[in-house]
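> Take a look and give me a structure for this.
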Amino acid sequence: MTGREDVIERVSERIAGYGPPRAVVAFSGGVDSAVVLALAARALGRTAVTAVTAVSPSYPAGELEQARDVATSLGVAHRSIETGEVGREAYARNDGERCFHCKTELYGALRRLAAGGADPGAAVLAGANLDDLADFRPGLRAARQQGIRNPLLEDGVGKAAVRAAARRLGLAVADKPSLACLSSRVAYGIRITPGLLGRVDRAERSVRALGFEVVRVRHLGDRASIEVDPADVPRLVGDPRLPSLMEELREAGWSEVAVDPKGYRTGSLNPTLRPPTARRRLELRPRTT
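Modelled structure (predicted):
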């Protein structure tokens, strides 16, 4: 048995061992949640699994259609729900607990769906993996508080193994760049609004239109910082269309626009958090049962 197949078997068995014969999967459309969805369908049967995509101003445009396509390819029912985290004051003020409040909203909605309606008594699954413990992820605390199962994290599966499993399963999103909510682009302490998130989303689509897959446009107040894959930074800097792109972003409301020479890295805004907040990552550990 190869390592990839071993991950598939182990995680499938873990999901089957949760007990409930049905599952609701928090499905963003990214590779992590797609692997969880595929393995839940494998463990429980396709008709016993529902993929649920939460839609709000923090969810990038175009992702919902892709999520539907992946669910359809797996033969799994898909539904979308609207979540109201952006309207929560605790979320909108954008401090270090923003992700906690977001996931509290999401998981509460999924638990209500799992407790009644079409999926009574279903387990609620999400797609965190082991590598998430290396970053500041207060949403994992919300998952633990609400009894959400993260089978990849619980089984100690990291991102590289997740992608390998996705390729073995034939998932179209196996090599899709990591997806994060649009609010993660906004510097802590700057208030989150639907209008601001829409501006960031449009800016990132403009950068992608130049041929870049991994893109973040960080909102730093009056300044915008463009991040692409570190290997692509020279290509972006040398692109003759860059001046027009930067002018477009200035017209969108940023007085200063720059390309980050370090390129994209996960959690690039997290170092601005106070140490006591950042240390909360140490509270998060994979569950072994």
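> Just the CA coordinates for whichever strand or helix holds Thr72, please, in CSV.
Thr72 is located in helix 63-73, with elements delineated by DSSP states H and E. The C-alpha atoms that make up helix 63-73 are tabulated as CSV, following Å, rounded to 0.1, in the frame of the first residue of the first chain:
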residue,chain,number,x,y,z
GLU,A,63,-15.8,30.0,-6.1
LEU,A,64,-19.4,28.8,-5.6
GLU,A,65,-19.7,27.5,-9.1
GLN,A,66,-16.4,25.6,-8.8
ALA,A,67,-17.5,24.1,-5.5
ARG,A,68,-20.7,22.9,-7.2
ASP,A,69,-18.8,21.4,-10.0
VAL,A,70,-16.6,19.4,-7.6
ALA,A,71,-19.5,18.1,-5.6
THR,A,72,-21.3,17.1,-8.8
SER,A,73,-18.2,15.2,-10.0
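> In this structure Arg199 contacts Ala252, no?
Yes - between Arg199 and Ala252 there is a contact at 5.6 Å, judged by C-beta atoms under 8 Å. No exception for glycine: its C-beta is placed from N, CA and C like everyone else's.
> Just the buried residues of stretch 135-143, please?
Across stretch 135-143, burial judged by 16 or more other C-beta atoms under 10 Å covers Phe136, Arg137, Pro138, Gly139, Leu140, Arg141, Ala142, Ala143.
> so how far is Gly96 from the first one?
It stands for Phe136. Using C-beta to C-beta, to the nearest Å, one gets 7 Å for the distance from Phe136 to Gly96.
> before we move on, what about the fifth one?
In this structure, Leu140 and Gly96 are separated by 14 Å, where distance is defined by C-beta to C-beta.
> ok, now the last one?
From Ala143 over to Gly96 the distance is 17 Å, taken as C-beta to C-beta.
> pull the CA atoms of stretch 166-185 into CSV?
Only the C-alpha atoms of stretch 166-185 are listed here, as CSV (Å, rounded to 0.1, in the frame of the first residue of the first chain):
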residue,chain,number,x,y,z
ALA,A,166,-6.4,14.5,-4.0
ARG,A,167,-4.4,13.5,-7.1
ARG,A,168,-4.9,9.8,-6.3
LEU,A,169,-8.6,10.5,-6.0
GLY,A,170,-8.6,12.3,-9.3
LEU,A,171,-9.9,15.6,-7.9
ALA,A,172,-9.8,18.5,-10.3
VAL,A,173,-8.8,20.8,-7.5
ALA,A,174,-5.7,18.8,-6.5
ASP,A,175,-3.3,21.6,-7.5
LYS,A,176,-5.6,24.5,-6.8
PRO,A,177,-3.9,27.3,-4.9
SER,A,178,-4.9,27.6,-1.2
LEU,A,179,-8.1,29.5,-0.7
ALA,A,180,-8.7,31.9,2.2
CYS,A,181,-11.5,34.3,3.0
LEU,A,182,-11.2,37.8,1.7
SER,A,183,-11.1,39.3,5.2
SER,A,184,-7.7,37.6,5.7
ARG,A,185,-6.3,40.3,3.3
